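Chemist: Show me the folded form of this:
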Amino acid sequence: MIVPSFAFAAVGNVLLQENLVPVFADIELETFNLDPDSVVRAIGPRTRAILFVHTFGIPARVNELRALSQERGLLLIEDASEALGSSIQGKRVGGFGDVAIFAFYPNKMVTTGEGGVVVTSDDQVADRCRRLRNQGRAISNEWYQQIEPGFSYRLPDINCALGSSQLARIDETLSRRRTVARLYAERLSHAPQIQLVREKAGEEIGWFTYPVTLAERFCQKERDRLWAELNADGVGCARYFAPLHRQPVMQGRTKGQNLPITESVAARVFQLPFFTQLTEEQIDAVGNRLEMALGRIS
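Modeler: Reported below is the predicted structural model:
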């Protein structure tokens with residue numbers, strides 16, 4: 001299974017739980033997403049699938065990844081957990097892989113408290129997912145026919161109601177998140193020490209978070225100092241992701257190659273406060289504190 005190393009632990013966990021061997025590929029510098037060229041180098045005789053993530057809601061290079069998977073006869077799994085509302089050439093993400101997933105953890109655009117959904121156009125995959133979430137029971141009118149080991153992964157009705165109520169106003173939520181991202185970009189566009197994410201022509205970012213990357217002359221020690229100073233100054237920032245291939249749980253359980261872009265980006269990226277109620281005055285205050293902190297580490 002080819003996977004990006006720059007991702008949440010959930011990506012690696014599910015592979016290890018199923019006794020699969022993750023083979024990590026590198027990412028692109030500007031998008032944080034899986035680099036198709038790195039995927040080509042990582043594919044081996046035992047590769048069965050490519051799993052890619054729309055990192056931070058930024059659309060991945062789906063056309064190249066899909067063409068590659070079809071050429072090599074590989075399953076294409078699309079992790080759109082952070083990308084509800086993102087689109088490519090007018091088509092929403094989640095419809096490019098053979099199977100796609102969305103997550104509803106509390107920090108997502110829509111939350112049910114926990115859980116998520118699998119989407120697919122493959123009827124056999126859909127039926128298997130329905131069985132597995134319900135103790136392995138067959139979808140039939142017969143009296144409880146369990147045909148394989150399954151799980152108790154049913155999403156309770158009360159959680160679904162919570163998510164459905166938010167889904168009804170998703171356009172408003174996404175519009176507000178785009179506004180917050182635009183205000184950040186306008187406020188920080190002239191800071192030479194940082195690099196910002198820009199939407200490409202034909203793409204729309206759902207803006208799960210607002211990532212900022214320190215310029216290449218900085219290192220992890222300086223990023224961590226900046227993060228600590230901002231949090232101490234009342235600006236809640238986060239550092240992620242730590243590369244999966246460096247995690248202790250992965251040692252001796254994975255294969256891969258050198259991942260210089262992943263390691264460079266992971267050492268320099270951080271997330272600014274980002275939520276729909278963030279005001280222009282608060283964004284300006286974050287910008288002021290960030291610029292002062294940058295001045296101290298430059």
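Chemist: Please enumerate the strands of this structure.
Modeler: Listed in chain order, the strands of the chain (DSSP state E) span 2-4, 23-25, 49-53, 75-79, 87-88, 91-92, 99-103, 116-120, 194-196, 203-204, 210-214, 255-256, 269-272.
Chemist: Figure out which of those is closest to A238.
Modeler: strand 269-272 (4.4 Å; Cβ to Cβ). No exception for glycine: its C-beta is placed from N, CA and C like everyone else's.
Chemist: Where among the strands of the chain is average confidence lowest?
Modeler: Between the strands of the chain, the one with the least mean pLDDT is strand 255-256; it has a mean of 70.
Chemist: shaky segments in the stretch 101-250 of the chain?
Modeler: The stretch 101-250 of the chain contains no residues with pLDDT under 70.
Chemist: Show me the helices in it, by range?
Modeler: 123-133, 157-167, 170-188, 220-232 (DSSP state H, counting those that start in this stretch).
Chemist: Which residues does the last one contact?
Modeler: For helix 220-232, the external contacting residues (Cβ atoms under 8 Å, 6 or more residues apart in numbering) are 214, 237-239, 267-270, 289-290, 293-294, 296-297.
Chemist: Next: stretch 119-138.
Modeler: Taking Cβ under 8 Å, 6+ apart as the rule, stretch 119-138 contacts 94-95, 98-102, 118, 139, 144-154.
Chemist: gap between the two ends of it?
Modeler: Terminal residues of stretch 119-138 are spaced 19 Å apart (Cα to Cα, to the nearest Å).
Chemist: how distant is that stretch from the center of its chain?
Modeler: Offset of stretch 119-138 from its chain centre (Cα atoms, centre = their mean, to the nearest Å): 24 Å.
Chemist: May I see the helices of the stretch 101-250 of the chain arranged in TSV, with mean neighbour count and distance to A42 as well?
Modeler: Listed next are these as TSV, based on neighbours: other Cβ atoms under 10 Å; distance: least, Cβ to Cβ, whole Å:
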stretch	mean neighbour count	distance to A42
helix 123-133	14	24
helix 157-167	13	35
helix 170-188	16	32
helix 220-232	16	25
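Chemist: Now restrict the contacts of stretch 119-138 to buried residues only.
Modeler: Those of these that meet the buried threshold are 94, 98-102, 118, 150, by 16 or more other Cβ atoms under 10 Å.
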